[in-house]
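> Build the 3D model from these lines:
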Amino acid sequence: MNERVADVQITEDTLTVRLMDGRSISAPLEWYPRLAHASAKARAVWEVAGGGYGIHWPEIDEDLSTEGLLRETSAP
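Numbers count the residues shown, from 1 in each chain. Just a heads-up that it's a prediction; the model follows:
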């Protein structure tokens, strides 16, 4: 399975990450307070990090990993 990030979509209340192997992971945006409180414009600026297994939002200084998302782990 390829757990690398293919795409990220954020709605008003949900974070959805599509993986290279075709799976999608969705989680409540409230699990990630930095993302939840950021503007839609700041949330739209993300980049793949960690060799493809992570997501970084430079304007928000937030990082998530596909491993954490697959384990349904919320931010501390």
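
> For the helix or strand bottoming out on mean pLDDT in the chain, name the packing helices and strands.
Ranked by mean pLDDT, DSSP states H and E, the helix or strand of the chain with the weakest confidence is helix 66-70, at a mean of 92. Here helix 66-70 touches strand 14-19, strand 24-28, going by 3 or more C-beta pairs under 8 Å, 6 or more residues apart in numbering; DSSP states H and E. Every residue, glycine included, has its C-beta placed from N, CA and C.

> For Glu12, which non-adjacent residue is closest in space?
Leaving aside its chain neighbours, Glu12 sits nearest to Leu29 (7.5 Å; criterion: C-beta to C-beta, 6 or more residues apart in numbering).

> I'd like the mean pLDDT over the strand or helix carrying Leu35, please.
With elements taken from DSSP states H and E, the one containing Leu35 is helix 33-37. When pLDDT is averaged along helix 33-37, the result is 97.

> buried residues in that helix?
Residues of helix 33-37 classed as buried: 35-36 (neighbour count, 16 or more other C-beta atoms under 10 Å).

> And the contacts of that helix?
Where contact means C-beta atoms under 8 Å, 6 or more residues apart in numbering, the residues beyond helix 33-37 that reach it are 10, 15, 29-30, 43, 57, 60-62, 75.

> again, but for stretch 58-67
3-5, 17, 19, 25, 32, 34-35, 38, 42-43, 45, 47, 49-50, 53-57, 75.

> Go through it and flag the buried ones.
Going by neighbour count (16+ other C-beta under 10 Å), the buried part of stretch 58-67 is 60, 62, 64-66.

> again with stretch 4-15
Buried positions in stretch 4-15, judged by neighbour count with 16+ other C-beta under 10 Å: 5, 8, 10, 15.

> In helices, which of those fall?
In helices, judged by DSSP state H, none of the buried residues of stretch 4-15 are found.

> Sitting in strands, which of these do you find?
Cross-referencing the buried residues of stretch 4-15 against strands under DSSP state E gives 5, 8, 10, 15.

> Return the residues in contact with the second one.
Contacts for Val8 (C-beta under 8 Å, 6+ apart) come out as 15-18, 46, 55.

> again, 7 Å this time
Each residue near Val8 by C-beta atoms under 7 Å, 6 or more residues apart in numbering is listed here: 17, 46, 55.
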